[in-house]
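Asks: build me a structure from this.
(one chain, ligands or ions: 1)
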Amino acid sequence: MQTVSLPSVVRGRIDRACRKFIWSGVSSQQKLSMVSWHNVCKPKAIGGLGFKSLTMMNRALHMKLAWAYATDSIPVEILDCKVADFVDENGSWCWSSFEQYLPNNIIFQIAALHPPSHAKGMDTIFWAHSKHGEFTTSSAYLALSGYNSAAEDRTWRLIWTWKGPQSMRVFLWQAFHAGLKTKAELARRHLLTSTCCDRCGALCEDALHALRDCPLVKQFWLNIIPISERQGFFNARFHHWLHSNLVDDSRMGDVLSWAVFFGFALWRIWSIRINKWISWHPPKWPWCTLNTDGAHKSDEISTAGGLIRDHLGRWISGFGMVIGSCSITVAELWGLYKGLKLAWDSGIRRLKVETDSLCVTQLVARSSVMTNEYAPLVQAIKDYLKLDWHVSIVHIYREANFSLLGT
Ligand SMILES: [Zn+2]
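Replies: This is a model prediction of the structure:
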């Protein structure tokens with residue numbers, strides 16, 4: 001690949017397999033690509049995922065070869081010459097001494113340069129696309145992909161430094177690229193004829209409607225957003241809405257920033273919207289229900305969240321928290337512990353806890369003393385369960401858990 005240009009058919013097939021893998025998880029299955037391959041292959045700083053296009057990589061490696069030739073294989077006749085040696089006594093380019101070595105487009109570029117003189121110092125070969133003038137394949141690739149530091153957009157930096165799991169960052173990246181499979185987006189690609197929202201009948205289900213304005217989702221935001229801030233929140237256009245909330249690092253309670261909660265909530269709203277979920281049923285009066293959930297990716301920050309609703313399915317309280325680096329079970333235990341604390345502090349005395357973690361329900365039900373990593377949290381949970389209230393913990397299907405909206 002460094003010396004030979006791969007046939008376009010081969011490059012195309014490999015690139016296509018990569019595209020399929022990104023959108024479906026396997027290289028053999030075709031799925032709808034919601035963000036163009038061109039954008040996917042851009043550096044992260046200008047809106048891509050940083051994937052390498054084989055076509056551009058092939059060209060960048062050829063440029064490496066060309067650079068080596070330019071620096072090591074200069075024709076013997078002109079090996080020790082300076083650029084100023086190709087200028088005649090009148091200060092003009094002496095074309096007959098070098099034009100045979102260069103292609104026309106380079107000749108035209110030289111014609112536009114002011115001829116140098118011996119008085120202006122030594123000649124230097126300089127690679128314009130790196131800081132120190134040295135050629136690197138990565139800088140050649142960036143140059144081919146159209147990258148320049150002036151084109152960097154703070155939005156992308158905001159996404160890739162957002163303090164949540166990588167899968168949620170990719171979701172946010174997709175949202176910024178208008179890459180969510182809303183009915184409006186699918187209709188724009190001629191894959192659907194109707195853009196109507198299936199849930200409320202609104203004429204256009206675009207990303208803003210799905211994530212903010214659809215009545216059930218809007219009710220969720222109304223329960224959280226203070227009255228004084230609602231106008232700005234609900235009137236903002238989509239990109240401004242995402243950006244202004246993801247940049248908002250103000251604290252939400254003592255557990256997490258608004259930006260983290262906002263990104264987490266968007267991801268959950270979208271997950272619930274696109275998945276068929278098993279209906280959530282409100283508890284009987286006077287009970288309330290707490291749904292908790294934890295999220296974890298290896299080597300990344302784990303998060304947990306919870307939601308308390310009453311017998312009519314009304315939102316009473318909720319929380320989200322960034323935990324740190326831990327296992328999914330620890331994240332689930334943290335979610336249960338914080339949820340119990342929130343319910344007790346809210347004055348609830350009959351609580352049904354729903355969790356999709358069978359491991360958590362078993363750990364809490366165990367009567368024997370534990371000495372593992374879960375022991376401190378399990379003990380803290382048991383301390384809450386001993387208080388003067390009624391709590392039942394049940395395991396439910398993941399699809400029914402943490403339904404922010406309920407049905
Ligand atoms: Zn709707």
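Asks: and this protein, what are its domains?
Replies: Domain assignment for the chain by automatic domain parsing gives 8-82+122-150, 154-274, 288-400.
Asks: just for this protein, where's the confidence low?
Replies: Flagging of the chain using pLDDT under 70 yields the residue ranges 1-3, 24-31, 70-79, 120-125, 146-152, 252-255, 275-280, 297-300, 397-407.
Asks: around the ion, pick out the residues from it.
Replies: 197, 199-200, 202, 214 (C-beta under 5 Å from the ion). Yep, even glycine has a C-beta here, placed from its N, CA and C like the rest.
Asks: got TSV for the residues you listed, with neighbour count and distance to residue 333 too?
Replies: Formatted as TSV, those follow (neighbours: other C-beta atoms under 10 Å; distance: C-beta to C-beta, whole Å):
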residue	neighbour count	distance to residue 333
197	20	37
199	16	34
200	14	37
202	16	40
214	21	33
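Asks: farthest-apart pair in the residues you listed, please.
Replies: Within those, 199 and 202 form the most distant pair, 8.5 Å apart (C-beta to C-beta).
Asks: okay, and the common contacts of those two?
Replies: residue 214 (C-beta atoms under 8 Å, 6 or more residues apart in numbering).
Asks: excluding its backbone neighbours, what's nearest residue 284?
Replies: Leaving aside its sequence neighbours, residue 284 sits nearest to residue 311 (C-beta to C-beta, 6 or more residues apart in numbering; 6.1 Å).
Asks: ok, now which ones touch that neighbour?
Replies: 282-288.
Asks: quick one on the thing from earlier: between the residues of the chain next to the ion, which is nearest residue 383?
Replies: Closest to residue 383, out of all of these and judged by C-beta to C-beta, is residue 214, at 40.3 Å.
Asks: could you dump the domains of the chain into a markdown table and include distance to residue 101?
Replies: Formatted as a markdown table, the domains of the chain follow (distance: least, C-beta to C-beta, whole Å):
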| stretch | distance to residue 101 |
| --- | --- |
| domain 8-82+122-150 | 6 |
| domain 154-274 | 43 |
| domain 288-400 | 52 |
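Asks: what ranges do the strands span in the stretch 301-407 of the chain?
Replies: Secondary structure of the stretch 301-407 of the chain (DSSP state E, counting those that start in this stretch): strands located at 302-309, 315-324, 350-355, 390-395.
Asks: buried deepest among these, which one?
Replies: Counting by mean count of other C-beta atoms under 10 Å, strand 302-309 has the highest mean neighbour count of these, with a mean of 25.
Asks: so can I have CSV of the strands of the stretch 301-407 of the chain showing distance to residue 92?
Replies: Below are those laid out as CSV (distance: least, C-beta to C-beta, whole Å):
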stretch, distance to residue 92
strand 302-309, 69
strand 315-324, 67
strand 350-355, 83
strand 390-395, 86
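Asks: nearest residue to whatever residue of the stretch 251-400 of the chain ends up closest to the ion other than its sequence neighbours?
Replies: Nearest residue of the stretch 251-400 of the chain to the ion, counting by C-beta to the ion: residue 273, 9.5 Å away. Closest residue to residue 273 apart from its sequence neighbours, by C-beta to C-beta, 6+ apart: residue 210 at 5.8 Å.
Asks: one more: residue 22?
Replies: Residue 22 sits nearest to residue 40 (C-beta to C-beta, 6+ apart), 6.6 Å away.
Asks: the one you found and residue 47 touch, don't they?
Replies: No: Residue 40 is not in contact with residue 47 according to C-beta atoms under 8 Å; the separation is 9.6 Å.
Asks: list residues touching both of those two?
Replies: Taking C-beta under 8 Å, 6+ apart as the contact criterion, no residue touches both residue 40 and residue 47.
Asks: now the farthest one out in this structure, which residue is it?
Replies: Centroid-distance maximum for the chain: residue 89 at 60.6 Å, with C-alpha atoms, centre = their mean.
Asks: can you map out the strands along the stretch 151-300 of the chain?
Replies: Using DSSP E, counting those that start in this stretch, strands in the stretch 151-300 of the chain cover 251-252, 256-257, 288-295.
Asks: looking at those strands, which is closest to residue 306?
Replies: strand 288-295 (4.2 Å).
Asks: between the closest one and strand 302-309, how big is the angle?
Replies: In terms of direction (axes from the mean of the first three to the mean of the last three C-alpha atoms, to 10 degrees), strand 288-295 departs from strand 302-309 by 170 degrees.
Asks: pairing partners for strand 288-295, with directions?
Replies: strand 302-309 (antiparallel), strand 350-355 (parallel) (DSSP bridges).
Asks: now find how far off-centre it is within its chain.
Replies: In terms of C-alpha atoms, centre = their mean, to the nearest Å, the centre of strand 288-295 is set 25 Å apart from its chain centre.
Asks: could you tell me the angle between it and strand 315-324?
Replies: Using the same axes, to 10 degrees: strand 288-295 against strand 315-324 is 20 degrees.
Asks: quick check: angle from strand 288-295 to strand 390-395?
Replies: 40 degrees.
Asks: how long is stretch 127-141 end to end?
Replies: Terminal residues of stretch 127-141 lie 13 Å apart, using C-alpha to C-alpha, to the nearest Å.
Asks: buried stuff in it?
Replies: 127, 129, 135, 139-141 (16 or more other C-beta atoms under 10 Å).
Asks: make CSV from those residues and add secondary structure to it.
Replies: Below are those laid out as CSV (DSSP: H, G, I helix; E, B strand; the rest coil):
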residue, secondary structure
127, coil
129, coil
135, coil
139, helix
140, helix
141, helix
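Asks: of all those residues, which comes closest to the ion?
Replies: residue 141 (43.0 Å).
Asks: relative to residue 50, how far out is the closest one?
Replies: Distance, residue 141 to residue 50, by C-beta to C-beta, to the nearest Å: 11 Å.
Asks: go on, residue 228?
Replies: Taking C-beta to C-beta, one finds residue 228 at 40 Å from residue 50.
Asks: over to residue 315?
Replies: Taken as C-beta to C-beta, the span from residue 315 to residue 50 is 39 Å.
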